[in-house]
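> Mind looking at a prediction? Sequence and model below.
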Amino acid sequence: MANPAVSSAKRATMDSVETAGIGTAGTATRAVAHTAAAPLARIREFVHTQVDRALENGEIEVLIGALLAATRRRAPSEIEPIKAYIFQQILQRAEDPNDRRTLWPWTRLCAARPETQAREMACALLDSFWRDHRKEVERLTLNLARDEDEGVRQYAAATMSRIIRANFRLRFRHLLLWSRNRDPSVRRQVIIATVGVADPAYPERAKPLLDMLEPHLTDRDPYVRRNLGPFALGQGLLRAYPEATLVRFRQWMRSDDEILLWNIGIALAAAHDLEQWEAALEVLRGLAADPRRFVWGAASAALANLAIRRPDQIKPVLRRWMRDPKLRVAVSSALRGIPS
């Protein structure tokens, strides 16, 4: 669902988005013409100057204009590092009490700006105001989590992750509450945020995170499903807590729900090199024997993934499995996906 505040702002300002904040910034107009092609060192100098100017004069349009100018006509590989640098400079200024008082209302305004970069900047700043303005930060974060722009939604997921990581014990209840939101877009951002929260340095997080994800395993919404198995489980929980996650997989295997079983299989297909490959094979054997193509197809992809990464251990097992009629279809499909 689109962010209604942004949609309204876009309708009102679409014709002037390109120049918003630039004409009123005086010399920034001329700077923009040169910034797009400037080396990164000049970009940083430009950013420092414009951030200082914006805060000294209380002009949010100068800040927005600098953000747009610094990222315009840049290669995709350059844009994210530039934005990250800009946001970090602003966050540093938020440590100053005077600048902080200015940046909080600016963050709220940016959350409803028509420019996607401004809404991304709001996401980058929101978590730093959690202690002072929790309810408003929460409201804005959830609103940005259902933004019409995918990039903004991903920034909102990162905001959620940082909020929870800052104090997992006290703040996890908020992530749990957000995971039950009626909007599938919000639920998806929570699932993505889980990857950032999962950290092998904190094994005590494994159980609550797995418990939180469990009710979503049967979620039919494609928006949620595309990110739960491959991303949250495969690249998040299996990476940070492989033993605990595989134990939970074996428990979840008692279900006959095909979406749940697909999530398990596709998580193992997306996982990086698993040292617990024997436990993974135990799970995949059951999935590979499932007569539903949706399920055995996910298992086949996971078997191919394991075989590519550990050919000496996995290929002999697959050759033995080929003798079992229940496993033959999934295994033969997996073998076709392995480079010779």
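Sure thing, it's come through. Residues are numbered from 1 along each chain as shown.

> residue contacts, Ala166?
Asp127, Trp130 (CB atoms under 8 Å, 6 or more residues apart in numbering). C-betas here are computed from N, CA, C, even on glycine.

> Relative to Ser333, how far out is it?
Distance of Ala166 to Ser333, computed by CB to CB, to the nearest Å: 44 Å.

> With adjacent residues omitted, what lies nearest to the residue most central in space within the chain?
Here the mean C-alpha position of the chain is nearest to the C-alpha of Ile192 (CA atoms, centre = their mean), at a distance of 4.3 Å. Computed as CB to CB, 6 or more residues apart in numbering, the closest residue to Ile192 that is not its neighbour in sequence is Ala157, at 4.0 Å.

> Isn't that neighbour up against Gln189?
Yes. If you go by CB atoms under 8 Å, Ala157 and Gln189 touch, sitting 4.0 Å apart.

> tell me which residues in whichever strand or helix holds Ile191 are buried?
Following DSSP states H and E, one finds Ile191 within helix 184-197. Under the neighbour-count criterion of 16 or more other CB atoms under 10 Å, helix 184-197 has 184-195, 197 buried.

> Could you pull out the helices in the stretch 51-200 of the chain for me?
Taking DSSP state H, counting those that start in this stretch as the test, the helices found in the stretch 51-200 of the chain are 60-71, 76-93, 97-110, 116-126, 134-145, 150-166, 168-178, 184-197.

> Any chance of TSV for those helices, columns distance to His48 and mean pLDDT?
As requested, the helices of the stretch 51-200 of the chain are exported to TSV (distance: least, CB to CB, whole Å; pLDDT from 0 to 100):
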stretch	distance to His48	mean pLDDT
helix 60-71	10	93
helix 76-93	7	92
helix 97-110	14	96
helix 116-126	16	97
helix 134-145	27	98
helix 150-166	23	97
helix 168-178	33	98
helix 184-197	29	96
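
> Turn the ones you listed into TSV, columns for distance to Ala240.
Listed next are those as TSV, based on distance: least, CB to CB, whole Å:
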stretch	distance to Ala240
helix 60-71	32
helix 76-93	23
helix 97-110	30
helix 116-126	23
helix 134-145	23
helix 150-166	12
helix 168-178	13
helix 184-197	9
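
> and Leu260, which of the ones you listed is closest to it?
helix 184-197 (14.5 Å; CB to CB).

> Which strands or helices does the closest one pack on?
helix 134-145, helix 150-166, helix 168-178, helix 206-213, helix 222-227 (3 or more CB pairs under 8 Å, 6 or more residues apart in numbering; DSSP states H and E).

> what comes into contact with that helix?
Counting by CB under 8 Å, 6+ apart, 1, 142, 145-146, 153-154, 156-158, 160-162, 164-165, 168, 175, 178-181, 205, 209, 212-213, 216, 219, 221, 223-224, 227-228, 231-232, 235-237 sit against helix 184-197.

> What of stretch 253-267?
Stretch 253-267 is contacted from outside by 217-220, 225, 228-230, 233-234, 237-238, 249, 252, 283-284, 286-287, 290, 292, 294-295, 297-299, 301-302, using CB under 8 Å, 6+ apart.

> List buried residues within those.
Buried subset of the contacts of stretch 253-267 (neighbour count, 16+ other CB under 10 Å): 217, 219, 225, 228-230, 233-234, 237-238, 249, 252, 283-284, 286-287, 290, 295, 297-299, 301-302.

> Restricted to strands, list the residues you listed.
Assignment to strands by DSSP state E places none of these there.

> Give me the common contacts of Ala157 and Gln189.
Ala145.

> ok, how many other residues are close to Arg100?
Look at Arg100: counted by other CB atoms under 10 Å, it has 14 neighbours.

> any idea how far it is from Arg336?
Look at Arg100 and Arg336: by CB to CB, they are 59 Å apart.

> Name the nearest residue to Glu78, sequence neighbours excluded.
Leu40 (7.4 Å).

> residues near that neighbour, how many?
Leu40 has 13 nearby residues by other CB under 10 Å.

> That one is in contact with Ile79, isn't it?
No. At 11.5 Å, Leu40 does not count as touching Ile79 under the criterion of CB under 8 Å.

> Now for the closest residue to Leu237 other than its chain neighbours: which residues touch it?
Excluding its sequence neighbours, the residue lying closest to Leu237 (CB to CB, 6+ apart) is Thr245, at 4.5 Å. Taking CB under 8 Å, 6+ apart, we find Thr245 in contact with Ala206, Leu210, Leu233, Leu237, Leu238.

> Look up which helix or strand Thr245 falls in, please.
With DSSP H and E as the criterion, the answer for Thr245 is helix 242-252.
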